[in-house]
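Sequence first, then the predicted structure:
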Amino acid sequence: MSKASVKKTITLKRVLGLSSSILLVAGIMIGTGIFKKVAPMAASGLSGGYIIAAWIVAGIVTILGALSISGLATLTTESGGEYEYIRIIFGNFVAFIFGWTCFTIIGSASVAAMSYLFTQSLNSICQTTFFANDYNIKFFACFVIIILTLLNCLGTKKSTILNNILTFFKIGGVLFLIIGGLFFFKKDLTNEYATTISHISSYHLMTVFFAAMLSAFWAYDGWLSVAFISGEIKNPQKNVPFAIISGISLVMILYVLFIWAFIRVLPLSTLANLNENQIAAAELSNELFGKSGNLLISLLILISALGSLNGIIITYSRMYYKMAIDGFFFSNATAVHSRYETPHIALLYAMVVSCILVFSGTFDTLTDMIVFSGFLFYALLAYGLIKMKRKGLITVKNIGYPYVPLIYILFSILLMVNTCINQPKQTFFGICLMMSGIPFYFYFKKRNKN
């Protein structure tokens with residue numbers, strides 16, 4: 001038997017249990033957004049009360065999305081997640097456009113943004129002249145992506161053990177800062193909750209509030225990524241929905257408490273005046289623990305970014321692997337390593353695109369594109385649940401159906417319209433990357449016929 005034929009008989013193994021799946025969801029979500037995104041929210045002019053409300057509403061909306069989309073887990077037990085759900089419901093073309101959007105924006109830009117912040121945090125610890133140059137920061141961010149990708153090529157179980165360890169450290173670090181901010185710091189910042197932009201119209205206030213939620217949604221993003229790895233999860237039809245909802249609920253509680261600690265310790269004016277290369281959580285830690293706080297928070301962000309990076313690299317590569325099996329990606333991405341049983345070629349493709357995106361823009365530009373693109377397809381999947389239920393192809397009971405998916409679809413449309421109006425450049429660039437997949441789709445389709 002040839003080596004090529006041997007490779008085709010190798011399949012991905014179901015090695016992940018429920019606890020690892022929950023920690024994978026939480027580990028991907030608790031990344032860089034919670035440490036950085038409170039600064040642009042403070043700069044919007046909103047009061048502390050509105051900022052906390054933005055995180056609560058964003059968390060509730062995310063749970064609504066999870067309740068809607070996790071109902072699709074009964075459609076298949078294979079890897080591919082959203083891509084596979086969309087393919088079953090809407091066909092190959094829409095599924096490919098989603099997969100291509102993940103390849104060029106959602107997955108790869110997430111890796112790029114997190115690796116960039118990881119390197120910034122490393123710089124705050126090392127304080128070397130090497131990182132004084134922005135290009136050196138980006139080159140090192142690419143080095144981190146390459147190392148983690150190679151680690152993931154060595155086995156799914158090994159990489160998820162690393163994810164579990166990093167997630168425990170992340171949760172512990174966030175809890176440490178929450179306890180310090182809420183119970184051991186005494187400062188009267190009551191006015192921070194009441195002072196806000198009072199002279200503007202209700203429409204403008206809604207626009208600013210939506211923009212604040214856009215920042216929060218980046219911190220909540222990644223909750224559905226565990227579905228991409230369904231083919232390696234034990235009992236996926238039961239464990240995938242439970243892991244998603246449990247992971248989101250845990251992260252939402254931590255986020256709201258963490259933002260409360262932020263606003264209790266630091267004036268909003270301080271947060272609003274931070275520049276692109278400053279990290280809001282570092283200011284919180286400095287205020288709580290002095291000079292040693294900078295080292296503490298930098299280490300926490302390093303661990304958080306590394307954990308999220310690792311989780312995203314694990315999950316999105318499985319979708320590209322599934323696309324290749326279906327004939328709608330580069331054919332050699334179907335390869336599974338004969339020794340380590342990982343989709344190593346798909347991992348390498350994702351690594352290359354992520355490294356390119358590291359040099360393409362700032363942290364906030366990348367994350368705003370991710371949120372817009374993600375909600376477009378999340379809304380489509382919520383509609384897909386309604387479609388499948390009406391056809392009788394999904395018979396399991398879904399909490400709050402049909403009101404939950406309808407509310408989620410309406411909110412997604414409002415968020416996307418608001419983003420198009422207020423961030424036209426990022427929206428246009430994201431749509432162009434999305435549509436760049438169209439010629440590739442017809443190329444792959446023609447190749448399949450031949």
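Everything's here; your move.

contacting residues around T419?
F210, L214, D368, V371, F372, Q426, T427 (Cβ atoms under 8 Å, 6 or more residues apart in numbering). Where C-beta positions appear, they are placed from N, C-alpha and C, glycine not excepted.

What strand or helix carries the third one?
So the one you mean is D368. Using DSSP states H and E, the element containing D368 is helix 363-391.

Only the C-alpha atoms, please, for the helix or strand just after that helix, written as PDB.
As assigned by DSSP H and E, the chain's next helix or strand after helix 363-391 is helix 403-422. Once non-C-alpha atoms are left out, helix 403-422 reads as follows in PDB (Å, rounded to 0.1, in the frame of the first residue of the first chain):
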ATOM      1  CA  TYR A 403     -38.200  33.500  20.400                       C
ATOM      2  CA  VAL A 404     -34.600  33.100  21.300                       C
ATOM      3  CA  PRO A 405     -33.300  32.700  17.700                       C
ATOM      4  CA  LEU A 406     -35.600  35.400  16.400                       C
ATOM      5  CA  ILE A 407     -34.300  37.900  19.100                       C
ATOM      6  CA  TYR A 408     -30.700  36.900  18.300                       C
ATOM      7  CA  ILE A 409     -31.200  37.400  14.500                       C
ATOM      8  CA  LEU A 410     -32.700  40.900  15.100                       C
ATOM      9  CA  PHE A 411     -29.900  41.900  17.400                       C
ATOM     10  CA  SER A 412     -27.300  40.700  14.900                       C
ATOM     11  CA  ILE A 413     -28.800  42.700  12.100                       C
ATOM     12  CA  LEU A 414     -28.900  45.900  14.300                       C
ATOM     13  CA  LEU A 415     -25.200  45.300  15.300                       C
ATOM     14  CA  MET A 416     -24.100  44.800  11.700                       C
ATOM     15  CA  VAL A 417     -26.000  47.900  10.400                       C
ATOM     16  CA  ASN A 418     -24.500  50.000  13.200                       C
ATOM     17  CA  THR A 419     -21.000  48.700  12.400                       C
ATOM     18  CA  CYS A 420     -21.400  49.500   8.700                       C
ATOM     19  CA  ILE A 421     -22.400  53.000   9.400                       C
ATOM     20  CA  ASN A 422     -19.800  53.800  12.000                       C
END
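
tilt between helix 403-422 and helix 363-391?
Helix 403-422 and helix 363-391 meet at an angle of 150 degrees, taking axes from the mean of the first three to the mean of the last three Cα atoms, to 10 degrees as the criterion.

quick one: buried residues of helix 403-422?
Of the residues in helix 403-422, V404, P405, L406, I407, Y408, I409, F411, S412, L415, M416, N418, T419 count as buried by neighbour count, 16 or more other Cβ atoms under 10 Å.

returning to what we had before: from the contacts of T419, pick the one nearest F140.
D368 (23.9 Å; Cβ to Cβ).

Please verify my assumption that that closest one contacts F429.
No: in terms of Cβ atoms under 8 Å, D368 does not count as a neighbour of F429; the distance is 10.0 Å.

the more surrounded of the two?
More neighbours surround D368 than the other of D368 and F429, with 26 against 16 (other Cβ atoms under 10 Å).

the strands in this structure, which residues?
Taking DSSP state E as the criterion, the chain carries no strands.

in it, which helix has the most residues?
When the chain is parsed with DSSP state H, its longest helix is helix 291-325.

circling back to that earlier point, pipe the contacts of T419 into TSV and attach pLDDT and distance to K322 per row.
TSV is the format used below for the contacts of T419 (pLDDT from 0 to 100; distance: Cβ to Cβ, whole Å):
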residue	pLDDT	distance to K322
F210	84	34
L214	81	29
D368	73	28
V371	80	24
F372	83	24
Q426	79	29
T427	84	28
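
Could you identify the most distant pair in these?
Taking Cβ to Cβ as the measure, the contacts of T419 span a maximum distance of 14.3 Å, between F210 and Q426.

and L148, what is it in contact with?
By Cβ under 8 Å, 6+ apart, the residues touching L148 are L306, L309, N310, I313.

hey, which helix or strand in this structure has the poorest pLDDT?
Sorting the helices and strands of the chain by mean pLDDT, DSSP states H and E puts helix 3-9 at the bottom, at a mean of 41.

next one: stretch 353-373 to chain centre, how far?
Computed by Cα atoms, centre = their mean, to the nearest Å, the chain-centroid distance of stretch 353-373 equals 12 Å.

Show me what counts as buried in it.
353-355, 357-358, 361, 363-373.

Excluding chain neighbours, what is closest to K138?
Closest residue in space to K138, ignoring its immediate chain neighbours: V358 at 5.0 Å, by Cβ to Cβ, 6 or more residues apart in numbering.

who's in contact with that neighbour?
By Cβ under 8 Å, 6+ apart, V358 lies in contact with A112, S115, Y116, K138, A141, C142, I145.

Per-residue pLDDT of it, please?
Per-residue confidence (pLDDT) for V358: 88.

re earlier: with respect to T342, which of the contacts of L148 is nearest?
For the contacts of L148, the nearest to T342 is I313 (10.8 Å; Cβ to Cβ).

Run a quick neighbour tally on the closest one.
25.

quick one on the thing from earlier: what would the contacts of T419 look like in a markdown table with distance to R87?
Below are the contacts of T419 laid out as a markdown table (distance: Cβ to Cβ, whole Å):
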| residue | distance to R87 |
| --- | --- |
| F210 | 31 |
| L214 | 28 |
| D368 | 27 |
| V371 | 23 |
| F372 | 22 |
| Q426 | 28 |
| T427 | 26 |
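
K238: which of those residues is nearest?
Using Cβ to Cβ, the contacts of T419 come closest to K238 at V371, 29.4 Å.

What spatial separation is found between the residue nearest to that closest one when sequence neighbours are not counted and Y383?
Excluding its sequence neighbours, the residue lying closest to V371 (Cβ to Cβ, 6+ apart) is F217, at 4.7 Å. Taking Cβ to Cβ, to the nearest Å as the measure, F217 and Y383 are separated by 19 Å.
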